[in-house]
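1. Structure for the following, please:
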Amino acid sequence: QVQLGESGGGLVQAGGSLRLSCAASGRTYNEYVISWFRQTPGKEREFVAGIRWSGASTLYADSVKGRFAISRDNAKNTVYLQMNNLKPEDTAVYYCAVDLSFSIRTTERVYDYWGQGTQVTVSS
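-> Next up is the predicted model:
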């Protein structure tokens, strides 16, 4: 089992920044992907960004390219999502998730472990 804990959400004005953290604990694997998804009421979870635990591969949704950056600190078992130039449409609950895969996949149903989520609210 892998446990994931998100933090760093909050209320910010449009144009502002937030950094989300996802701390992983429990069973370790040699290779996996950690991704961020987000969800608004009545909608399915949407892929935001993903990173392989080894190597430098990352993937971003078109809606966040150039504004968000995903990174990892292997020593701390933590993945970060730096969110800049936030827009009201970025408002959502943000989740981190683990996929025991070698490639970054954007479909939520393939992910094996999920955090509890953190709320991000961007005011206009």
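2. number of nearby residues for F47?
-> Per other C-beta atoms under 10 Å, the neighbour tally for F47 reads 21. Glycine gets a C-beta too; all of them are placed from N, C-alpha and C.
3. Kindly report the same for S54.
-> Neighbour count for S54, taken as other C-beta under 10 Å: 12.
4. In the sheet, which residues pair with the most centrally placed residue in the chain? Tell me.
-> The centroid of the chain falls nearest to W36 when counting by C-alpha atoms, centre = their mean (2.1 Å). As for beta bridges, W36 partners with A49, C96 under DSSP bridges.
5. How about the contacts made by it?
-> W36 makes contact with 20, 22, 47-50, 70, 79, 81, 94-97, according to C-beta atoms under 8 Å, 6 or more residues apart in numbering.
6. likewise D99?
-> The neighbours of D99, taking C-beta under 8 Å, 6+ apart as the test, are 32-35, 50, 105, 110-112.
7. 7 Å instead, please
-> Residues counted as contacts of D99 (C-beta atoms under 7 Å, 6 or more residues apart in numbering) are 32-33, 35, 105, 110-112.
8. Would you mind giving the contacts of W36 as TSV with distance to S63 and pLDDT added?
-> Output for those, formatted as TSV (distance: C-beta to C-beta, whole Å; pLDDT from 0 to 100):
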residue	distance to S63	pLDDT
L20	16	98
C22	20	97
F47	10	98
V48	8	98
A49	10	98
G50	14	98
I70	14	97
V79	19	96
L81	14	98
Y94	13	98
Y95	16	98
C96	18	98
A97	18	97
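9. Quick check, pLDDT for the residue nearest to the centre of the chain.
-> W36 carries a pLDDT value of 98.
10. Roughly how far does it sit from T106?
-> Counting by C-beta to C-beta, to the nearest Å, the gap from W36 to T106 is 11 Å.
11. Same check on Q119?
-> Distance of Q119 to T106, computed by C-beta to C-beta: 22 Å.
12. can you map out the strands along the protein?
-> Here the chain has its strands, by DSSP state E, at 2-7, 10-13, 18-26, 33-39, 46-52, 58-60, 68-73, 78-83, 92-99, 113-114, 118-123.
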